[in-house]
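J.: Give the three-dimensional model of this entry:
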Amino acid sequence: MITRILVAAVAAAFSFAALAQAQQQVRPPIALYWMSVETSSGVGMGMGLPPGMSGMLPPGMAGGRRMKLDLDSSQAASGDPRAAHAVPPGLSMGQSLPLVTPRIERPAVRERDDGEPGFERPKGRMLIYWGCGEKVRAGQPVILDFANMAPQDVSRAFRSRAISRPRGPAPGRSRSYGTWPNQEDPRPVPANASLIGEHVISGNYSPGIRFTIGGRHDFMEAVAFEAVRKTAGDAYAVKWRPVSTATGYFATATGRGDGEADIVMWSSSEDQVMGQALMDYISPGEVGRLIREKVVMSPQTTECTVPAGIFKGEGSMLNFIAYGNELNLVHPQRPKDPKQVWEQVWAVKLRLKSTAMTMLAQSEATRRRAAPMHDTPGDRSPESAPERASEPAPQREADQPKPPSPADAVEEGVKALRGILRF
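T.: Sure, this is the predicted structure:
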């Protein structure tokens, strides 16, 4: 009996402490800094391109390390806006990167010529499949006929999951803003770049920001595929080497169907979902939820079979993402006294992903060129450099996931169609 009373008392004490902390007054940070960091394998590693050919690919299809820096501040600049990010030597990009405030130019109003043709509905169909396995599952595909589609048809075809996506810095969202890369410094990130070390952000519209990044939040390993091969049942076996810091994986593929105007889309999700919406940075917490819902593959997964018979002919492209960790820092830390206002000065978010593309329906010559995956000497295991972190900053906008509405599905569908059909 006494034990039960003690347990109840301890539980009540924790409840009161949590309630007091929840009621603590919090003022959002003056400055918000986001680092979006990507490792891209491009298409060369998965397709077995001849030496030198990968350099001829468009920027979006070439591999490499990429980084986007965004600084947002509620303070106005004293004079012309200036800010810079002092980087560690391991990044191999000099002492600092300039964070430039972009010029906002209003686009000229274009009057339509009466003789100009109006919008024409695209012809053909979109066939949507999902799930890893040798054979197409019952109830598939979901078919969208472009010539006769209604809003409810688009909503049914382009089903999506509610995902919490915090709003980061962007032009016009706060009083001051700076970004990299930019017109002053458009340099690419070197292949051997590392984020490990001390980072300092300074400027005339932001408080000083200083933090350290350790190996756990360095550039992720590149995704490495085995050569894609057909199974005995004519499906496509896709296998990859585990990415050590990945929190989950997702794949989507696009190709042609039976008709010349038919487009086929497939995703690795166990449930119908629009794949393009998931090919972006997603927080580890959200990735964990999507794994439990069988939308995202677990970090232990190393293979997925694309069902037989859904893609026709050559040229089907598979897009792949390994979701990474996040680093969230706030200065100063939350006061222990719940009565004291938590006046945040700055907050930093570092988010990571590793992406790749590969062809499914390849010619035999291309398959012979594609070498099996193997460990590379340059792969690093996460280091244990210290990272000074506190509680994540409360976002300036509500981050709670909202159920997608039919209008959201229509908008998402239109974006996907524009990307595929180029209209």
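
J.: mind checking the SS state of residue 289?
T.: helix (DSSP: H, G, I helix; E, B strand; the rest coil).

J.: Could you report the separation of it from residue 282?
T.: Using C-beta to C-beta, to the nearest Å, we find residue 289 at a distance of 10 Å from residue 282. C-betas here are computed from N, CA, C, even on glycine.

J.: between those two, who's got more neighbours?
T.: When neighbours are counted by other C-beta atoms under 10 Å, residue 289 and residue 282 differ, and residue 282 comes out ahead with 26 against 18.

J.: What residues does the more buried one make contact with?
T.: Residues in contact with residue 282 (C-beta atoms under 8 Å, 6 or more residues apart in numbering) are 163, 290, 323.

J.: Which stretches in the stretch 101-250 of the chain count as strands?
T.: Under the criterion DSSP state E, counting those that start in this stretch, the stretch 101-250 of the chain contains strands at 125-130, 142-145, 176-180, 197-203, 209-213, 229-230, 236-239, 248-256.

J.: Quick check: what element follows the last one along the chain?
T.: Using DSSP states H and E, the helix or strand that directly follows strand 248-256 along the chain is strand 263-267.

J.: Packing partners of the helix or strand where residue 97 lies?
T.: Assigned by DSSP H and E, residue 97 belongs to strand 96-98. Counting contacts by 3 or more C-beta pairs under 8 Å, 6 or more residues apart in numbering; DSSP states H and E, strand 96-98 is packed against strand 83-86.

J.: Show me which residues of the strand it packs on are buried.
T.: 83, 84, 85 (16 or more other C-beta atoms under 10 Å).

J.: For the stretch 1-150 of the chain, give me the ranges with low pLDDT.
T.: 1-22, 43-62, 106-121 (pLDDT under 70).

J.: How about the stretch 251-400 of the chain?
T.: Looking along the stretch 251-400 of the chain with the criterion set at pLDDT under 70, you get 361-400.

J.: Toward the C-terminus, what is the element adjacent to the helix or strand hosting residue 328?
T.: Applying DSSP H and E as the criterion places residue 328 in strand 317-331. Sequence order places strand 342-343 as the next helix or strand after strand 317-331, per DSSP H and E.

J.: May I have the helix or strand just after that following strand exported as CSV, CA atoms only?
T.: Note on strand 342-343: by DSSP H and E, the next helix or strand toward the C-terminus is strand 346-359. Output of strand 346-359 as CSV, limited to C-alpha atoms (Å, rounded to 0.1, in the frame of the first residue of the first chain):
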residue,chain,number,x,y,z
TRP,A,346,18.5,32.2,-31.9
ALA,A,347,17.6,28.7,-33.0
VAL,A,348,19.4,26.5,-35.5
LYS,A,349,18.0,23.5,-37.5
LEU,A,350,20.3,21.2,-39.5
ARG,A,351,18.5,18.6,-41.6
LEU,A,352,20.0,15.8,-43.6
LYS,A,353,19.1,13.5,-46.5
SER,A,354,20.8,11.2,-49.0
THR,A,355,19.2,10.7,-52.4
ALA,A,356,19.8,8.7,-55.6
MET,A,357,18.3,7.8,-58.9
THR,A,358,18.6,4.7,-61.0
MET,A,359,17.0,3.2,-64.1
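
J.: just the angle between strand 346-359 and strand 209-213, please?
T.: Inter-element angle recorded for strand 346-359 and strand 209-213: 40 degrees (by axes from the mean of the first three to the mean of the last three C-alpha atoms, to 10 degrees).

J.: Show me what strand 346-359 pairs with in its sheet, parallel or antiparallel.
T.: strand 31-40 (parallel), strand 317-331 (antiparallel) (DSSP bridges).

J.: Out of the ones you listed, which is closest to residue 105?
T.: Closest to residue 105 of the strands paired with strand 346-359, according to C-beta to C-beta: strand 31-40, at 23.8 Å.

J.: Ignoring the adjacent residues along the chain, who's closest to residue 268?
T.: residue 251 (4.2 Å; C-beta to C-beta, 6 or more residues apart in numbering).

J.: thinking again about what came up before, among the contacts of residue 282, which ones are buried?
T.: Applying 16+ other C-beta under 10 Å to the contacts of residue 282 flags 163, 290, 323 as buried.

J.: and which of the residues you listed is nearest to residue 197?
T.: residue 323 (24.1 Å).

J.: wait, that closest one sits on residue 296?
T.: Yes. Counting by C-beta atoms under 8 Å, residue 323 does reach residue 296; the two are 7.4 Å apart.

J.: Overlap in contacts, those two.
T.: 248, 249, 250, 287.

J.: picking that back up, specify the beta-bridge partners of the residue nearest to residue 268.
T.: Here residue 251, judged by DSSP bridges, has bridge partners residue 320.

J.: Now do the same contact list for it.
T.: 238, 267, 268, 275, 297, 304, 318, 319, 320, 321 are the contacts of residue 251 under C-beta under 8 Å, 6+ apart.

J.: let's go with 7 Å and repeat that
T.: Shown in contact with residue 251 (C-beta atoms under 7 Å, 6 or more residues apart in numbering): 238, 267, 268, 304, 318, 319, 320.

J.: can you list those in a markdown table and add neighbour count?
T.: Formatted as a markdown table, those follow (neighbours: other C-beta atoms under 10 Å):
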| residue | neighbour count |
| --- | --- |
| 238 | 23 |
| 267 | 25 |
| 268 | 26 |
| 304 | 20 |
| 318 | 25 |
| 319 | 18 |
| 320 | 23 |
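
J.: mind listing the helices for the protein?
T.: Assigned helices in the chain, in chain order: 2-22, 44-47, 151-157, 284-292, 364-369, 406-421 (criterion: DSSP state H).

J.: If you count neighbours, what's buried in the fourth one?
T.: Of the residues in helix 284-292, 286, 287, 288, 289, 290, 291 count as buried by neighbour count, 16+ other C-beta under 10 Å.

J.: What is the nearest of those to residue 127?
T.: residue 290 (23.9 Å).

J.: wait, the closest one sits on residue 297?
T.: No. Using C-beta atoms under 7 Å, residue 290 is not in contact with residue 297; the gap is 9.5 Å.

J.: Good, we can wrap up now.
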